[in-house]
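*Asks:* what's the 3D shape of this:
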Amino acid sequence: ANVVGGTFVAIKLVGKRVDDMIVKHPLAMKCAFGENPKRCYGQNGKKSPMTRMGTAAVLRELLFKSRRYLEDKEAGKNPGFDMKLEAMIPVIQGKMPIKCHAHRADDILTSIRVAKEFGVGITLDHCTDGAIIADELAKEGAPAFVGPTFGAKSKIELKNKSYEPPGILSKAGVKV
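*Replies:* Residues are numbered from 1 along each chain as shown. Predicted coordinates:
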């Protein structure tokens with residue numbers, strides 16, 4: 001439920017040692033929108049982000065700091081080492097996308113807006129309301145990973161969950 005949760009790795013599911021099972025690392029940076037960051041921090045922890053706008057602000061601040069950190073490193077200014085900002089360098093350089101976990105249409109569009117603002121690549125993960133804005137998503141060109149679709153509608157942002165979005169998105173021209 002962290003706004004930025006860390007790097008993804010692709011692994012093969014055969015072998016004895018995870019080090020030998022890695023196909024690609026880092027693969028992508030995980031980012032959460034919607035209810036999870038709000039619930040875990042705002043409602044339970046009484047700290048930011050408390051709102052959807054707060055989630056976007058946390059991500060924007062990290063991307064801004066990461067860009068500045070990289071610019072300072074490239075200019076030879078030798079900023080103090082920051083592990084979190086180091087992890088974001090491949091995102092800022094366009095070498096690694098952000099996996100934007102978003103269900104609602106407004107959260108999906110916010111993730112696209114932030115990505116465009118910073119010139120970073122994204123994937124749209126969950127994309128529960130993607131069918132509602134399929135034409136808009138097709139214009140943007142970001143791939144969508146839909147689901148999981150099985151299971152209960154455990155939170156309000158899953159109210160439109162169904163098996164239809166992948167087909168609707170694909171027909172609109174979204175890579176699913």
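
*Asks:* center of this structure, which residue is that?
*Replies:* Nearest to the geometric centre of the chain sits residue 100, at 2.0 Å (CA atoms, centre = their mean).

*Asks:* for that residue, which non-adjacent residue is spatially closest?
*Replies:* residue 111 (3.6 Å; CB to CB, 6 or more residues apart in numbering). Any C-beta I mention is one placed from the backbone N, CA and C, and that applies to glycine too.

*Asks:* any idea how many residues pack against that neighbour?
*Replies:* 27 (other CB atoms under 10 Å).

*Asks:* the helix ranked longest in the chain: what's the following helix or strand?
*Replies:* Counting residues, the longest helix found in the chain (DSSP state H) is helix 52-74. Once helix 52-74 ends, the next helix or strand along the chain (criterion: DSSP states H and E) is helix 83-92.

*Asks:* which parts of that following helix are buried?
*Replies:* Within helix 83-92, the residues that count as buried by 16 or more other CB atoms under 10 Å are 85, 87, 88, 90, 91, 92.

*Asks:* give me the contact list for it.
*Replies:* Contact partners of helix 83-92, identified using CB atoms under 8 Å, 6 or more residues apart in numbering, comprise 4, 6-7, 26, 29, 62-63, 65-67, 69-70, 96-98, 118, 120-121.
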